[in-house]
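Student: Below are the sequence and a predicted model; questions follow.
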Amino acid sequence: MSDYSDKPADFLFPESVKQWFLQMTTALMGGNSDEMLRLYDKEFATLTSSYFKQSPWPDPDSDAVLSLSDEDPVFLTLYTQIYYRHMFSKLSPTNEFKKASWDNYCAIFEGILDKSLELDVMPSQWLFDIVGEFVYQYQSFCQYRAKGSKTDESMWNTKDVLSYLHRIIKYSNIKAVLAAQDANQPQPEVPSESVKELGYFALICLSRAHVLFGDFFTALCILKPIDFKKRDQLYQKSYSCHVSVYYHMGFAQLMLGDVANAVRSFAKIILQVHRNRAYYSKFADYDQVNKLTEKALSLLMLALYLCPGYTVEEQINALLREKLADKQSAVQKGDISVLSDIFVMAAPKFILPNVQAESEDVSKKATALQLKLFLELVQRHSALPSLHSYVKLYRSIDVEKLARFRGVSVAACLSEIMAFKLKAEALQSDVHFFVSDSIVKVDEQKREQRTGQYYMTQISKLQRVVNSCATSD
């Protein structure tokens, strides 16, 4: 039998894996943020696909990792974070690993807050993934706990999770920074640019956490300091943050009945990803980003059902026809079972933040509650599609006749018309009408000149061809 005692600790590692540890440690110590991003977002995924599909990466406490990293404490703390991130995404972590991941997150946040851990060279994508993965693991733990599984109350409890996010936001001074930007004033003092970005991403992930709770009003209030109409916002530095913030914001707007803004939020990120597929496909998390975009498209379809007459980009309509034609047809008919199925599939995975189930599995109760609230929203909008179709069909129609078509009393029909009238502007309907002497009169149909959009679409198509040619070269 061979004697391994005289072999180096890392002798069983593939050479490319050894080089990853050495290069990442060198990039971290040398302050090379671009190299760190390449090793983190691309090389790590490549090595995972080659060697760690069914197994974890090397243990951070192993002699081999300690040797390859020169026992650098900053590297080991950050590597531990992505070590557990890989484990949560590819494997089934035990309670022991969940506790260890929690402890490592506590070490990261406490280190940032007491200034013992400096992240000045961290790439923006990694900074977002730190807080994004933090909320994801918390979400997973809440779902696990709601299934009646025994858990340790000292880890992943809601109070501590929210406390860390709030403390990072406060320490980063990001709210003052955003306020100064809106007022075109000098930037207030911040601990560092990396901490400022981390605080910004923590603000977005805190909003996401409240969406998971079903607290949509608070979720949107948290995002108020961010001016989404301005270009060059920090969320654009992270492709996954860009998609996540619009998806969760759009969902909160939808559930609060702000359907037109929900459509705009979903459409913005759907078009962004679709028009720049060549760019997004280069990243390791493209599959997750694409999956979230597909969910946004399904939710947009539901939102369009609730606000008939809202005009969207032709590219959006083409994507709906290509990917969801059958479901869209059923939705337009008001099929409640299809509406429910799409909602459950495309909505976030809701959580019961403070529920510890003893034996019964209550993990699905949060989703059931949000589905109930959504169907109530559908009920409140149920008359709109039918009314919109009649108003589009006629130049004028008697209210009594319209009531017969609708199968309701004249008084009920008049109430529906008034409700539609009130919502038409908010929903930006493509028709305008008024009621006079019990006659519904359509006095105009809104038509928008879309020449500019046509050229923008063609330019986008040309850019995709150029990118495709560049990639093939």
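Tutor: Structure's in. What do you need?
Student: Find the nearest non-adjacent residue to Phe134, please.
Tutor: Distance criterion Cβ to Cβ, 6 or more residues apart in numbering; nearest residue to Phe134, sequence neighbours excluded, is Tyr105 at 5.6 Å. Bear in mind the C-beta positions are built from the backbone N, C-alpha and C, glycine included.
Student: List the residues that contact the one you found.
Tutor: Gln81, Phe134, Gln137, Tyr164 (Cβ atoms under 8 Å, 6 or more residues apart in numbering).
Student: Check Tyr164 too.
Tutor: Tyr105, Cys106, Phe109, Phe134 are the contacts of Tyr164 under Cβ under 8 Å, 6+ apart.
Student: same thing but at 7 Å, please
Tutor: Phe109 (Cβ atoms under 7 Å, 6 or more residues apart in numbering).
Student: could you give the mean pLDDT of the host helix or strand of it?
Tutor: Assigned by DSSP states H and E, Tyr164 belongs to helix 158-172. Across helix 158-172, the average pLDDT comes to 96.
Student: now stretch 342-360
Tutor: Per-residue scores along stretch 342-360 average to 85.
Student: and what of stretch 135-147?
Tutor: Here the average pLDDT along stretch 135-147 is 91.
Student: hang on, isn't Ala260 packed against Cys307?
Tutor: Yes - contact criterion Cβ atoms under 7 Å: Ala260 and Cys307 qualify, at 5.8 Å.
Student: Between those two, which is the more surrounded one?
Tutor: Set Ala260 next to Cys307 and count neighbours by other Cβ atoms under 10 Å: Cys307 wins out with 21 against 18.
Student: Against Ala419, how distant is the more buried one?
Tutor: Using Cβ to Cβ, to the nearest Å, Cys307 is found at 13 Å from Ala419.
Student: Repeat that for Asn104.
Tutor: Counting by Cβ to Cβ, the gap from Asn104 to Ala419 is 53 Å.
Student: quick one: which of the two has more around it?
Tutor: Of the pair Asn104 and Ala419, Asn104 is the one with more neighbours under other Cβ under 10 Å, namely 19 against 15.
Student: Tell me where the protein has strands.
Tutor: 396-398, 431-436, 439-445 (DSSP state E).
Student: Mind putting those strands into a markdown table with mean neighbour count, distance to Tyr390 and mean pLDDT?
Tutor: Formatted as a markdown table, these follow (neighbours: other Cβ atoms under 10 Å; distance: least, Cβ to Cβ, whole Å; pLDDT from 0 to 100):
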| stretch | mean neighbour count | distance to Tyr390 | mean pLDDT |
| --- | --- | --- | --- |
| strand 396-398 | 14 | 6 | 80 |
| strand 431-436 | 14 | 10 | 74 |
| strand 439-445 | 15 | 8 | 70 |
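Student: Relative to Ala346, which of the ones you listed is closest?
Tutor: Closest approach to Ala346 among the strands of the chain (Cβ to Cβ): strand 431-436, 28.4 Å.
Student: elements contacting that closest one?
Tutor: helix 384-393, strand 439-445 (3 or more Cβ pairs under 7 Å, 6 or more residues apart in numbering; DSSP states H and E).
Student: OK, contacts around the most centrally placed residue in the chain?
Tutor: The centroid of the chain falls nearest to Ser244 when counting by Cα atoms, centre = their mean (2.0 Å). Counting by Cβ under 7 Å, 6+ apart, Ser244 touches Gly132, Arg208, Leu292.
Student: And Phe374, by the same measure?
Tutor: Here Phe374 is in contact with Met255, Phe343 (Cβ under 7 Å, 6+ apart).
Student: State the distance from it to Ala403.
Tutor: 28 Å.
Student: again with Gly31
Tutor: 73 Å.
Student: swap in Tyr390?
Tutor: 11 Å.
Student: can you check Ala262 too?
Tutor: For Ala262, the distance to Ala403 - Cβ to Cβ - is 31 Å.
Student: which stretches of this protein aren't confidently modelled?
Tutor: Applying pLDDT under 70 to the chain flags residues 1-11, 232, 357-359, 423-430, 443-458, 460-461, 464, 467-468, 470-473.
Student: That one - how does it break down into domains?
Tutor: 93-380, 384-445 (automatic domain parsing).
Student: Any idea how far apart the tips of the longest one sit?
Tutor: If I follow you right, that is domain 93-380. Using Cα to Cα, to the nearest Å, one end of domain 93-380 lies 43 Å from the other.
Student: what's the offset of it from the middle of its chain?
Tutor: 4 Å (Cα atoms, centre = their mean, to the nearest Å).
Student: cool, and the shortest one?
Tutor: On the basis of Cα atoms, centre = their mean, the separation between the geometric centre of domain 384-445 and that of its chain is 37 Å.
Student: most surrounded residue in the contacts of Tyr105?
Tutor: Neighbour max across the contacts of Tyr105 (other Cβ under 10 Å) = Phe134, 25 neighbours.
Student: how about stretch 59-76: buried residues?
Tutor: Under the neighbour-count criterion of 16 or more other Cβ atoms under 10 Å, stretch 59-76 has Pro60, Ala64, Val65, Leu66, Leu68, Ser69, Val74, Phe75, Leu76 buried.
Student: Among those residues, which one lies nearest to Thr151?
Tutor: Pro60 (23.3 Å).
Student: That closest one contacts Gln81, correct?
Tutor: No - using Cβ under 7 Å, Pro60 is not in contact with Gln81; the gap is 9.4 Å.
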